[in-house]
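> Here is a sequence with its predicted model. Questions after.
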Amino acid sequence: MLQSQKKQIDLYDDVSNPLDSVEEIMLNNDWQFHRLNDDEMSVTVSGQFSHYKMVFIWQADYSALQFCCAPDLQISPNHMDDALKVINNINASIWLGHFDIRTDTDDNTAFIPCFRHTSLFRDQHNSSGMAHMEDLIDIAIHECERNMTAFNLLAQRNHQSKSDMALALMETAGLA
């Protein structure tokens, strides 16, 4: 076999779009998803405390997959200073990914907390990233659920006390 043909075959063998694995995860969970194109997918899933919109964006040039998971709520614009401090505190306790606040409108009036993580997939083969993506989805939902009380306080229009927020951010065990 010619060297150039071997390189071309190796290229196709070594590069796999992880969205194909994500699509399989969606099908296995009976989640309705929308594949916008070969490089983008979105899905809304239900958690215990909210619905979560997940977006997956494959960047083949970098062999990287950007992932975002956002709860179905908006932070009140008058709580943005508090929200940035809360997000900073939350991020200090997360070992994978991070939260930020994104805007959904051109006039910057809809502020949404968003869990984000970018994964590198260089040298992955076919569906070798499926377990990785399942773990990432589980971690994102867990982190969103764990911090939903704080996000809900930030979404309320009325002022919340610092002690309310401290209580919302407290690590708990079990559910009442």
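Thanks, I have it.

> how would you label the residue nearest to residue 32 when sequence neighbours are not counted: helix, strand or coil?
Of all residues not flanking residue 32 in the chain, residue 43 sits nearest, at 7.0 Å (Cβ to Cβ, 6 or more residues apart in numbering). Any C-beta I mention is one placed from the backbone N, CA and C, and that applies to glycine too. Look at residue 43: counting by DSSP: H, G, I helix; E, B strand; the rest coil, its state is strand.

> and residue 62, how many neighbours does it have?
The number of residues packed near residue 62 is 12, by other Cβ atoms under 10 Å.

> Quick one: residues contacting it.
Residue 62 makes contact with residue 120, according to Cβ atoms under 8 Å, 6 or more residues apart in numbering.

> From residue 87, how far out is it?
With distances taken as Cβ to Cβ, to the nearest Å, residue 62 is found 26 Å from residue 87.

> same question, residue 66
18 Å.

> what do you get for residue 49?
Separation of residue 49 from residue 87 (Cβ to Cβ) stands at 18 Å.

> circling back: who's more crowded, residue 66 and residue 87?
residue 87 (21 against 15).

> Quick check: pLDDT value at the nearest residue to that one once chain neighbours are set aside.
Excluding its sequence neighbours, the residue lying closest to residue 87 (Cβ to Cβ, 6+ apart) is residue 99, at 5.0 Å. pLDDT, residue 99: 96.
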